[in-house]
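Asks: only geometry, no sequence info:
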């Protein structure tokens, strides 16, 4: 039995959390999918998946194997494409969804540099603070900030994306500048926050191991409005570092405890569906962004 194929089968089962769905996606029988996973576990000498009548979940060893395996298979697929000359010149319309706040100057520079390298690709970038469905809206890929991309999508990590607690200088002069996580937690408890409802888990902010319940003085799904309200002195807010690093927010807002990133482990991912996995324009754009963020 082909071990590489077994690895690919395992990845589909692990990402979809289902032997049946993986079998349908791969065009194999459920029994063959199960055989591939069982043979892989025998070769590795560890259990990768926990199976019950209702669900499939990863063991700790399976989670570690999936994380390392994803990068390995992506690199292998890229190498095979180069060696076989299977990849054609990227061209055509590339439809992308991204958060509204990604409109900052540095991302515009990235788009310009990509277009210079691949002049036959036309970019349709849709900025929205709502979660867009790639299939229903005919999107090639989406850029999303998360700690755990949705299991139904193929995801590639582009760069860490820290969020900072910020406020206007006037607000901090009035209510005090916290110098410790405990002081920040106290200020949030007493004064509340401006919250972005498109950020998952905003109701409970993890500070010093505690899930601090947040009272919103304003809640909206617009990151830009959150930033504007915070700059106007309305309250504390949680905003992405890449947004507050550029003018005018870099002077209108102060970082509260600059080394504190909340929630932890957020990253920018490129996500896409498997049927677009081999598209040269999608692959070239994702590879370019990986390189861009690594060098920036």
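Replies: Now that the structure is in, tell me what you want to look at. Note that the structure is predicted; figures quoted are calculated from it, not measured.
Asks: from here on, contacts and neighbour counts on C-alpha atoms
Replies: OK.
Asks: can you count the residues close to residue 204?
Replies: Here the number of neighbours of residue 204 (other C-alpha atoms under 10 Å) works out to 14.
Asks: with adjacent residues omitted, what lies nearest to it?
Replies: residue 213 (4.6 Å; C-alpha to C-alpha, 6 or more residues apart in numbering).
Asks: for that neighbour, phi and psi?
Replies: phi -70, psi 130 (degrees, to the nearest 10).
Asks: which pLDDT value goes with it?
Replies: pLDDT recorded at residue 213 is 81.
Asks: please apply the same query to residue 14.
Replies: Model confidence at residue 14 (pLDDT) stands at 87.
Asks: now residue 18: how far from residue 134?
Replies: Using C-alpha to C-alpha, to the nearest Å, we find residue 18 at a distance of 21 Å from residue 134.
Asks: any regions of the stretch 151-296 of the chain where pLDDT drops low?
Replies: Judged by pLDDT under 70, the stretch 151-296 of the chain has its weakly predicted residues at 200-203, 209, 263-264, 274-278.
Asks: swap that for the stretch 1-150 of the chain, please
Replies: The stretch 1-150 of the chain contains residues with pLDDT under 70 at 1, 53, 81-87.
Asks: which stretches of the stretch 51-200 of the chain form helices?
Replies: 60-84, 105-117, 169-175, 181-191 (DSSP state H, counting those that start in this stretch).
Asks: is residue 3 in contact with residue 40, as I believe?
Replies: Yes - the pair residue 3 / residue 40 is scored as a contact, 7.1 Å apart, by C-alpha atoms under 8 Å.
Asks: neighbour count winner among these two?
Replies: The residue with more neighbours, out of residue 3 and residue 40, is residue 40; 23 against 13, by other C-alpha under 10 Å.
Asks: pull the contacting residues for the more buried one.
Replies: Shown in contact with residue 40 (C-alpha atoms under 8 Å, 6 or more residues apart in numbering): 3, 6-7.
Asks: ok, now residue 7?
Replies: 37, 40, 69.
Asks: in what helix or strand does it lie?
Replies: Element membership of residue 7 [criterion: DSSP states H and E] is helix 3-16.
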